[in-house]
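Peer 1: Give me a 3D structure for the following:
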Amino acid sequence: VVLLDEHDRPLGWGRSRALAQALVARLGDRRRSNRTRSTQRVETAVGPLELQALTGRTAHRGWLAVGITTPLPPDDRLLLNHAVAVAVLLLDRPREVEQARAAVGGTILGLLLEHAPSSPEMVRHLTHLGFTVDSAVRMVWCRSTDAVVLADAVQASLASAGIPHVLQSAEGGLMVLVQDRDTEAVVAAIEGSAQDTGQRTGLGISGAVAAELTADALLQAQQAGEVARDERLRTARFDELTLGAVLSDLVVRERVQALTRSALAPLLQGDDDVLAHSLQVFLEHNGAWESAARALAVHRHTLRHRMARVEELTGLDLDVSRNRVVLLLALATRPQRH
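Peer 2: Down below sits the predicted model:
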């Protein structure tokens, strides 16, 4: 017998701690995708196990896993059902406690967003809310016409599923911090909650980062959310954004432009844009002479002559990758000529 809480952490076991840990490792993904089923039977290395969902008044509270090798007689089945009822009574929490827990989570998230990186002491508070120590996290940003209503619905959905999270409503949307491994389940929960509350949303999902970089994750998620809005996507992931999407943020674009303008200035003195255009094509082809020359419809020797002229005017060696990055950013953010 193994008793697990809503975050799949073992609270007690009948034979050994090693058995409990093996069960958690073996069944974690399966339980997470089948939480709506009250009873599940799963084969493991220690034999067949029957999982009984522990469902409280408002949320999923955990699992009672029992090793059963033969069908239970009626008396034993009655005893198991009684054990499930007792476990639910022990683990269930009043609504007021749930609300306080959610409020604490929102406070922790707010403090994590104040600094990047956050202090280890602040990050450790996440473990009290079900997060695993040193687990990678992602931020999900959701645009919303009524963030408070959506926050309540998402909170209830994630609590019912026993998924560790902290969330907070903000102007124009909702931010939800989750463990990397739970991202897809959380996205599905948010989309379901949005549909239930009659809201149309677009989600931005950050990259996977260490918990102390939560503030960075929010910026990534919001940037991805802007792309989802502009391109009318249901979700956009920061990991998949192109350079153009990253630079679509006006503040970022203006800052990059200010920092790289001087590098490109020598190529833009006159009306002739040949060198700048040739440089852009060369860089977009990763410095491959043949393919870049074909794209420009010129001989590769002509292209080499032009790139030599670029190096002469800018003073930047194109064989140095950092110089290429600076010039590519300058070209990507330069004002368009009309």
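Peer 1: from here on, contacts and neighbour counts on C-alpha atoms
Peer 2: OK.
Peer 1: Let me see the ranges of the strands in the protein.
Peer 2: With DSSP state E, the ranges of strands along the chain come out as 2-5, 10-13, 39-44, 47-55, 60-67, 137-143, 165-170, 173-179, 203-205, 235-237.
Peer 1: Comparing the ones you listed, which yields the minimum mean pLDDT?
Peer 2: Lowest mean pLDDT of these: strand 39-44, a mean of 76.
Peer 1: With just CA atoms, put it into PDB.
Peer 2: Coordinates of each C-alpha in strand 39-44 appear next as PDB, following Å, rounded to 0.1, in the frame of the first residue of the first chain:
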ATOM      1  CA  THR A  39     -10.000   3.500 -10.400                       C
ATOM      2  CA  GLN A  40      -7.000   2.400 -12.500                       C
ATOM      3  CA  ARG A  41      -5.200  -0.900 -12.700                       C
ATOM      4  CA  VAL A  42      -1.500  -0.700 -13.700                       C
ATOM      5  CA  GLU A  43       1.200  -3.300 -14.200                       C
ATOM      6  CA  THR A  44       4.500  -2.500 -12.500                       C
END
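Peer 1: which helices and strands does that strand pack with?
Peer 2: Counting by 3 or more Cα pairs under 8 Å, 6 or more residues apart in numbering; DSSP states H and E, the packing neighbours recorded for strand 39-44 are strand 47-55.
Peer 1: Among the strands of the chain, which comes closest to Asp196?
Peer 2: Counting by Cα to Cα, Asp196 lies closest to strand 137-143 out of the strands of the chain; the figure is 14.9 Å.
Peer 1: So what touches that closest one?
Peer 2: 172-180, 183, 187, 201-211, 214, 217-218, 221-222, 225 (Cα atoms under 8 Å, 6 or more residues apart in numbering).
Peer 1: Any chance of JSON lines for the strands of the chain, columns mean neighbour count?
Peer 2: Formatted as JSON lines, the strands of the chain follow (neighbours: other Cα atoms under 10 Å):
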{"stretch": "strand 2-5", "mean neighbour count": "22"}
{"stretch": "strand 10-13", "mean neighbour count": "16"}
{"stretch": "strand 39-44", "mean neighbour count": "14"}
{"stretch": "strand 47-55", "mean neighbour count": "20"}
{"stretch": "strand 60-67", "mean neighbour count": "24"}
{"stretch": "strand 137-143", "mean neighbour count": "29"}
{"stretch": "strand 165-170", "mean neighbour count": "22"}
{"stretch": "strand 173-179", "mean neighbour count": "23"}
{"stretch": "strand 203-205", "mean neighbour count": "30"}
{"stretch": "strand 235-237", "mean neighbour count": "22"}
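Peer 1: Gln269 is nearest to which of the ones you listed?
Peer 2: Proximity to Gln269, assessed across these by Cα to Cα, is greatest for strand 235-237 (38.7 Å).
Peer 1: Just checking: what are the partner strands of the closest one?
Peer 2: Strand 235-237 has the following strand partners under DSSP bridges: strand 203-205 (parallel).
Peer 1: what about stretch 94-106, average pLDDT?
Peer 2: Stretch 94-106 comes out at a mean pLDDT of 85.
Peer 1: To clarify, my last question referred to stretch 246-259.
Peer 2: 82.
Peer 1: lowest-confidence helix or strand of the protein?
Peer 2: helix 17-32 (a mean of 62; mean pLDDT, DSSP states H and E).
Peer 1: For beta bridges, what are the partners of the most centrally placed residue in the chain?
Peer 2: Relative to the mean C-alpha position of the chain, the nearest C-alpha, by Cα atoms, centre = their mean, is the one of Arg138, at 2.9 Å. With DSSP bridges as the criterion, the beta-bridge partners of Arg138 are Val178.
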